[in-house]
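Colleague: Fold the stuff below for me.
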Amino acid sequence: MRGDEHHKASKEAKSSSHFYFVYPSKESTRSDKRDKLGIFEHLTMLVGAGFNPKSDNAKLVDKDWKEGGLLIMSNDDKKHIKKSMDKDLASIQKFQDIVAYQFEFGYDLALSPEMNVSQSPGFESVLGVFGGEA
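Modeller: Down below sits the predicted model:
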């Protein structure tokens with residue numbers, strides 16, 4: 001269903017996001033623009049990563065990789081993550097969210113390494129950035 005929504009938006013005469021700007025539909029009047037990166041219909045929507053937050057490995061994401069964790073983090077990074085997001089979240093859930101945001105960032109880079117094509121508040125909210133602006 002989400003793919004159909006994206007496809008419909010990619011056909012619009014005026015793009016509503018960076019994503020649709022750089023990947024217009026071949027049916028869009030924007031499809032012949034020189035500044036596009038590709039055509040929407042040439043993209044394949046896949047989900048390539050995920051994890052079970054209750055798994056033993058997911059319980060280790062609050063540790064630096066040298067401590068057996070998944071991420072490369074300084075003590076300052078750990079403090080920043082613990083202070084970020086909703087105060088009602090458990091500390092480990094904040095670290096798990098950071099891992100999920102890393103997956104999202106990977107998806108964004110796969111779509112366009114030159115610009116942030118996603119304007120959805122995801123990991124940007126942890127950094128205090130919304131809609132591509134600080």
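Colleague: from here on, contacts and neighbour counts on C-alpha atoms
Modeller: Will do.
Colleague: in stretch 63-75, what's buried?
Modeller: For stretch 63-75, a neighbour-count test (16 or more other C-alpha atoms under 10 Å) marks 63-64, 69-71, 73 as buried.
Colleague: got a list of contacts for it?
Modeller: The contact list for stretch 63-75 (C-alpha atoms under 8 Å, 6 or more residues apart in numbering) reads 60-62, 99.
Colleague: Using TSV, please lay out the residues you listed together with secondary structure, neighbour count and distance to residue 13.
Modeller: Below are those laid out as TSV (DSSP: H, G, I helix; E, B strand; the rest coil; neighbours: other C-alpha atoms under 10 Å; distance: C-alpha to C-alpha, whole Å):
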residue	secondary structure	neighbour count	distance to residue 13
60	helix	18	47
61	coil	24	44
62	coil	24	45
99	helix	20	36
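Colleague: Please tabulate these in a markdown table, including the columns pLDDT and distance to residue 4.
Modeller: Putting the contacts of stretch 63-75 into a markdown table (pLDDT from 0 to 100; distance: C-alpha to C-alpha, whole Å) gives the following:
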| residue | pLDDT | distance to residue 4 |
| --- | --- | --- |
| 60 | 88 | 37 |
| 61 | 90 | 34 |
| 62 | 93 | 37 |
| 99 | 83 | 27 |
